[in-house]
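Q: test case, fold it:
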Amino acid sequence: MAATPAVIRILILEDNPADVKLALRCLSKAALHFEADITRSGAEFVERLHSSSYDVILGDYHLPDWTALDALHWLRNAGSRLPFILLTGTLGDELAVECIKEGATDYVLKDKLDHLPLAVERSLREARLRADRDRVQEQLQASEREYRSTIEHAPYGMYRVNSSGEILKANPALVAMLGYESEEQVLRLNTSTDIYCDRADRLRELSHWQSKGVITGYEVPWRHRSGKTIIVRLGGRTLTHRNGAPEVYEVFVEDITEQRSMEMQFQQAQKMEAVGRLAGGIAHDFNNLLMVIGSSAQLLDESAENPGRVARYADQIRSATDKAASLTRQLLAFSRQQVLHPEILDLNAAIVDLWKMLPRLLGEDIETVMALAPSLGRINVDRGQLEQIIMNLSINARDAMPEGGTLTIKTGDVDLSGGAVSVRGVKTRPGPYVMMSIRDSGTGMDAEVQARIFEPFFTTKDTGKGTGLGLATVYGIVEQSGGMISVDSQVAKGTTFSIYFPRTITPAEVTPAQASSVSVLSGAETILLAEDEIALREIASEYLQSKGYTVLLAKDGAEALELCTNQSRRIDVLITDVVMPGMSGVKLATAALHARPYLCVIYMSGYTDRAMQDEGLDPRTIFLQKPFSLDALARKLRHLLDSR
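A: Below you'll find the predicted structure:
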């Protein structure tokens, strides 16, 4: 509140000196400290106000050239809010009311001037209160203007919403973010039905409001006016009313669509970089194998009269083909596109069987230790892939111990539901697992190397001593099998790879047919072979005919279906490529089974399970992944026919 002036500055508008003298005497008797200037006309009154400042005005109602109302009009029109007290001999009630309406602070009758000091003090007090109120109001208005400016020019969206999803207030940034022109348009929207792409996201947000009172970093997809989806990050607080009920929420919105898009582009760039390395490695390895195959074929043709050389070159071709098939399997495992044939098995038994050959693989200077947990749970994995994991990790361990050391394989049941076991660097999926760890006492790895060890073609080995596909293959197999893998390593202290396979409660069932391979490969049945690759079609046909089968050939699905429909003789098996021009193998098989319900089907493909998923192929159907040996085809065929 403004302080009372030490000396009150008074301007008196009065043409009667005697009345002026009486007024001043009354003020002095009241012990007021004041200074007074006397004016007797309107012109003089105006001149004084222009040249000096005053705290209060005392004015006679009747003047020769002016009235108190004239003075009040001028004063208020000039924007002055100085207290104005009327001094008058007689003043009717109506005129007094009119003067008060026009801005007079008070009036005092001249025959009651003893009231004047009180009127002056009261008018000054009211003026101070009015000045304080005006100052507070101005501060509030300034604060409101600043707040509104902040809201209206904020780069982030802001809005208030109730628990029903009705938007109560929205700033321009939010309006623009949603693609509208005005706040009024946004206020007609409901967040639950008009803005959130998934109403469940809004319900989760509301639950979080009600339980926590605040939200931070809540990312959800929103619906833009144009229909496109934007990604936003929300934060805010609950506004409580006087009764304490949380009903309104103040929310801040950041549009992170572009940020997420840039992150996806960065991830894609990283993938493309990996693909580039992958392509380079594939080209190198396959070109070498093609050179071996091509050169051996040329020498084979030139050595027709030398059976020993023919056999040697044929062996080289077979060996190069096996290496190419192995490389393809590794690449498919890395990309998690390999067709698996899982079975319920005892991890300990599989390790013991494979462990017999490891000492010869690792060398005499490496000690092998097994620490297998008794009564281990069962897992459902592809046995061949499991052996590949153990072999790859063991070879890596051997290379990390050039001067010898110890390789330890350990198993055990673990339960990750309660977070009792931490899978380092891996997002843990809760549940029961069977753990297998392979630990070496070798050179170890620093953090930078550990961050890249699962990348394809990344290797720390010397040129020519590693493809960089080993750990990428292991990672792909583990992920495709539903498991997790982690690494713990320290330089000069060794490395431990820990693999977690989901534990299964299904008992193992091994039939005699599964336990032993089919030794009889011949037959007399009729086979319909659909394959668009002419060389493969002719080779497979010659081989099957050599085993006693009758073979009908088709270059595509349409020709095969025509044979299947119009051929009068019985057809026992359809062998078809999954991906062929015109009609896929799956569609061919569907139509063929409609015509011949007893038909058996063998699918073969080099595209792996991607094609099967796209075409809707039942994964339990017999499937051969290219490349495969002709003997493997004969065994599958014979097993299928014998088990009908």
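Q: all contacts plus neighbour counts: C-alpha atoms, from now on.
A: Fine.
Q: which residue packs closest to residue 582, ignoring adjacent ones?
A: Excluding its sequence neighbours, the residue lying closest to residue 582 (C-alpha to C-alpha, 6 or more residues apart in numbering) is residue 557, at 7.0 Å.
Q: can you pull the contacts of that neighbour?
A: 530, 580-585, 588 (C-alpha atoms under 8 Å, 6 or more residues apart in numbering).
Q: go again with 7 Å.
A: Applying C-alpha atoms under 7 Å, 6 or more residues apart in numbering, one finds that residue 557 lies in contact with 530, 583-585, 588.
Q: and these, which are buried?
A: Buried by 16 or more other C-alpha atoms under 10 Å: 530, 583-585, 588, out of the contacts of residue 557.
Q: what is the nearest of these to residue 501?
A: residue 585 (33.8 Å; C-alpha to C-alpha).
Q: now the closest one. Its backbone dihedrals?
A: phi -60, psi -30 (degrees, to the nearest 10).
Q: quick one: low-confidence ranges for the stretch 301-450 of the chain?
A: The stretch 301-450 of the chain contains residues with pLDDT under 70 at 326-341, 356-357, 360, 418-428.
Q: helices of that one, start to end?
A: 307-334, 347-355, 358-362, 383-399, 447-450 (DSSP state H, counting those that start in this stretch).
Q: now tabulate the ones you listed in CSV and tack on distance to residue 637 and mean neighbour count.
A: Formatted as CSV, those follow (distance: least, C-alpha to C-alpha, whole Å; neighbours: other C-alpha atoms under 10 Å):
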stretch, distance to residue 637, mean neighbour count
helix 307-334, 21, 17
helix 347-355, 28, 16
helix 358-362, 34, 15
helix 383-399, 21, 19
helix 447-450, 45, 12
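Q: so which of these gets nearest residue 546?
A: Using C-alpha to C-alpha, the nearest of these to residue 546 is helix 307-334, at 19.6 Å.
Q: and residue 85, helix, strand or coil?
A: Following DSSP: H, G, I helix; E, B strand; the rest coil, residue 85 is assigned to strand.
Q: count the residues that sit near it.
A: 26 (other C-alpha atoms under 10 Å).
Q: how far out from the middle of the chain is the host helix or strand of residue 574?
A: Per DSSP states H and E: residue 574 is located in strand 573-577. With C-alpha atoms, centre = their mean, to the nearest Å as the basis, strand 573-577 stands 44 Å off its chain's centre.
Q: now stretch 577-591: mean pLDDT?
A: The predicted model gives stretch 577-591 an average pLDDT of 89.
Q: between the two ends of it, how far is it?
A: In stretch 577-591, first residue to last residue: 15 Å (C-alpha to C-alpha, to the nearest Å).
Q: got the contact list for it?
A: By C-alpha under 7 Å, 6+ apart, stretch 577-591 touches 530-532, 556-558, 561, 576, 603-605, 615, 617.
Q: any chance of those residues in JSON lines, plus distance to residue 494?
A: JSON lines is the format used below for the contacts of stretch 577-591 (distance: C-alpha to C-alpha, whole Å):
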{"residue": "530", "distance to residue 494": "53"}
{"residue": "531", "distance to residue 494": "51"}
{"residue": "532", "distance to residue 494": "51"}
{"residue": "556", "distance to residue 494": "55"}
{"residue": "557", "distance to residue 494": "56"}
{"residue": "558", "distance to residue 494": "59"}
{"residue": "561", "distance to residue 494": "60"}
{"residue": "576", "distance to residue 494": "49"}
{"residue": "603", "distance to residue 494": "45"}
{"residue": "604", "distance to residue 494": "43"}
{"residue": "605", "distance to residue 494": "42"}
{"residue": "615", "distance to residue 494": "47"}
{"residue": "617", "distance to residue 494": "45"}
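Q: residue 76: which of the helices of the stretch 301-450 of the chain is closest?
A: Across these, closest to residue 76 is helix 447-450 (C-alpha to C-alpha), at 80.4 Å.
Q: helix or strand next in line after that closest one, which one?
A: Once the chain leaves helix 447-450, the next helix or strand it forms, by DSSP H and E, is helix 470-480.
Q: residues of the helix or strand that that next one is followed by that come out buried?
A: Per DSSP H and E, the first helix or strand lying C-terminal to helix 470-480 is strand 484-490. Residues 484-489 are the ones in strand 484-490 that count as buried (16+ other C-alpha under 10 Å).
Q: strands of the stretch 151-300 of the chain, residue ranges please.
A: Counting by DSSP state E, counting those that start in this stretch, the segments of the stretch 151-300 of the chain that form strands are 157-162, 167-170, 214-223, 229-240, 246-255.
Q: run through who's touching stretch 252-261.
A: 156-159, 230-236.
Q: picking that back up, in helices, which of the contacts of residue 557 fall?
A: The helices, defined by DSSP state H, take in 585, 588 from the contacts of residue 557.
Q: residue 103: neighbouring residues, count only.
A: 18.
Q: meant to ask about residue 630, not that
A: Count around residue 630 with other C-alpha under 10 Å applied: 13.
Q: now do residue 545
A: If we define neighbours as other C-alpha under 10 Å, then residue 545 has 17 of them.
Q: quick one on the thing from earlier: deepest of the strands of the stretch 151-300 of the chain, which one?
A: strand 157-162 (a mean of 22; mean count of other C-alpha atoms under 10 Å).
Q: could you give the angle of it to strand 229-240?
A: Computed with axes from the mean of the first three to the mean of the last three C-alpha atoms, to 10 degrees, the direction of strand 157-162 lies at 60 degrees from that of strand 229-240.
Q: still on that earlier bit, same list (the contacts of residue 557) but as a markdown table, adding distance to residue 429.
A: Shown next, in a markdown table, are the contacts of residue 557 (distance: C-alpha to C-alpha, whole Å):
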| residue | distance to residue 429 |
| --- | --- |
| 530 | 43 |
| 583 | 41 |
| 584 | 37 |
| 585 | 37 |
| 588 | 40 |
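Q: and which of the contacts of residue 557 is nearest residue 17?
A: residue 584 (120.8 Å).
Q: over to that closest one: give its phi and psi.
A: Recorded main-chain torsions at residue 584 are phi -70, psi 160, according to degrees, to the nearest 10.
Q: find the least confident helix or strand in this structure, judged by mean pLDDT.
A: helix 512-515 (a mean of 40; mean pLDDT, DSSP states H and E).
Q: which parts of the stretch 151-300 of the chain are helices?
A: Shown for the stretch 151-300 of the chain, the helices assigned by DSSP H, counting those that start in this stretch span residues 172-178, 183-187, 199-212, 257-302.
Q: mind putting the buried residues of strand 484-490 into JSON lines with pLDDT and distance to residue 437?
A: Output for those, formatted as JSON lines (pLDDT from 0 to 100; distance: C-alpha to C-alpha, whole Å):
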{"residue": "484", "pLDDT": "90", "distance to residue 437": "12"}
{"residue": "485", "pLDDT": "91", "distance to residue 437": "9"}
{"residue": "486", "pLDDT": "90", "distance to residue 437": "9"}
{"residue": "487", "pLDDT": "91", "distance to residue 437": "9"}
{"residue": "488", "pLDDT": "91", "distance to residue 437": "10"}
{"residue": "489", "pLDDT": "91", "distance to residue 437": "13"}
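Q: need the pLDDT of residue 193.
A: pLDDT, read off for residue 193, is 90.
Q: that's a strand at residue 527, yeah?
A: Yes: assigned with three-state DSSP, residue 527 falls within a strand.
Q: check the gap between it and residue 588 for me.
A: Distance of residue 527 to residue 588, given as C-alpha to C-alpha: 15 Å.
Q: any idea how far residue 539 is from residue 446?
A: In terms of C-alpha to C-alpha, residue 539 sits 51 Å off from residue 446.
Q: cool, and residue 290?
A: 37 Å.
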